[in-house]
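Asker: Using only what follows, build the 3D model:
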Amino acid sequence: MCDLAIMWMETHYPPFAELTKTVRTGQPAAEHHYGQPFFSWLSHHPEQASRFTGAMANLTSGIKTAAIACLPLDGTQTIVDVGGADGSVLAAILPAHPQLRGVLFDLPHVITDAPKTLAEHGAGDRVDCVAGDLRDRAGSRLPDRPCTDQVDLDAADNPRTEPVTNAESALYG
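Answerer: Have a look, this model is predicted:
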């Protein structure tokens, strides 16, 4: 939980001071504080991006363990983790399911540590790490079973419906 606490203190609390501007203008506080959308800012600050990835892992580790044990994966050949950061979800799933392959999809600056995490769990040779942005139009169909792990769609960049439409387009053609 250390990464989570530090991340909130360093990157989230300062923009909260701008909350009244958000209420008055509709502009996200983080965008006003950083001068750009939060994830754009994060892409230029590797130390904070790493901390953010660790914080998201801290926040969801207990939930992931329980959810992974309940996944119905019979007949599934490929599982896609959209917004999977360091690959920890796929690293937890794949060792127990040798028939599965994985695809990890996240922002380019976020997935840099994924190969290491996946290799440490013996899953590195069964996962394709794909850098991209869910908010951009996806041109190809994704495999069998997508899952998301707290994907933040950052409404400042696009209306909330566009990322869902883009994901549907990628998944179903």
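
Asker: which one's the longest helix in the chain?
Answerer: helix 46-69 (DSSP state H).

Asker: what is the rounded mean pLDDT of the helix or strand that that helix is followed by?
Answerer: Going down the chain from helix 46-69, the next helix or strand is strand 78-82, by DSSP states H and E. Mean pLDDT, strand 78-82: 86.

Asker: send the alpha carbons of the longest helix of the chain over as PDB?
Answerer: The C-alpha coordinates for helix 46-69 follow below in PDB (Å, rounded to 0.1, in the frame of the first residue of the first chain):
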ATOM      1  CA  PRO A  46       8.500   7.600 -15.600                       C
ATOM      2  CA  GLU A  47       9.000   7.500 -11.900                       C
ATOM      3  CA  GLN A  48       5.400   8.500 -11.300                       C
ATOM      4  CA  ALA A  49       4.200   6.100 -14.000                       C
ATOM      5  CA  SER A  50       6.000   3.300 -12.200                       C
ATOM      6  CA  ARG A  51       4.500   4.400  -8.800                       C
ATOM      7  CA  PHE A  52       1.000   4.600 -10.400                       C
ATOM      8  CA  THR A  53       1.400   1.000 -11.700                       C
ATOM      9  CA  GLY A  54       2.400  -0.100  -8.300                       C
ATOM     10  CA  ALA A  55      -0.500   1.800  -6.700                       C
ATOM     11  CA  MET A  56      -3.000   0.100  -8.900                       C
ATOM     12  CA  ALA A  57      -1.500  -3.300  -8.100                       C
ATOM     13  CA  ASN A  58      -1.700  -2.400  -4.400                       C
ATOM     14  CA  LEU A  59      -5.300  -1.300  -4.700                       C
ATOM     15  CA  THR A  60      -6.600  -4.500  -6.400                       C
ATOM     16  CA  SER A  61      -4.300  -7.300  -5.300                       C
ATOM     17  CA  GLY A  62      -6.800  -9.000  -3.000                       C
ATOM     18  CA  ILE A  63      -9.700  -8.600  -5.500                       C
ATOM     19  CA  LYS A  64      -7.600 -10.100  -8.300                       C
ATOM     20  CA  THR A  65      -6.700 -13.200  -6.400                       C
ATOM     21  CA  ALA A  66     -10.300 -14.000  -5.600                       C
ATOM     22  CA  ALA A  67     -11.500 -13.100  -9.100                       C
ATOM     23  CA  ILE A  68      -8.800 -15.100 -10.900                       C
ATOM     24  CA  ALA A  69      -9.800 -18.300  -9.000                       C
END
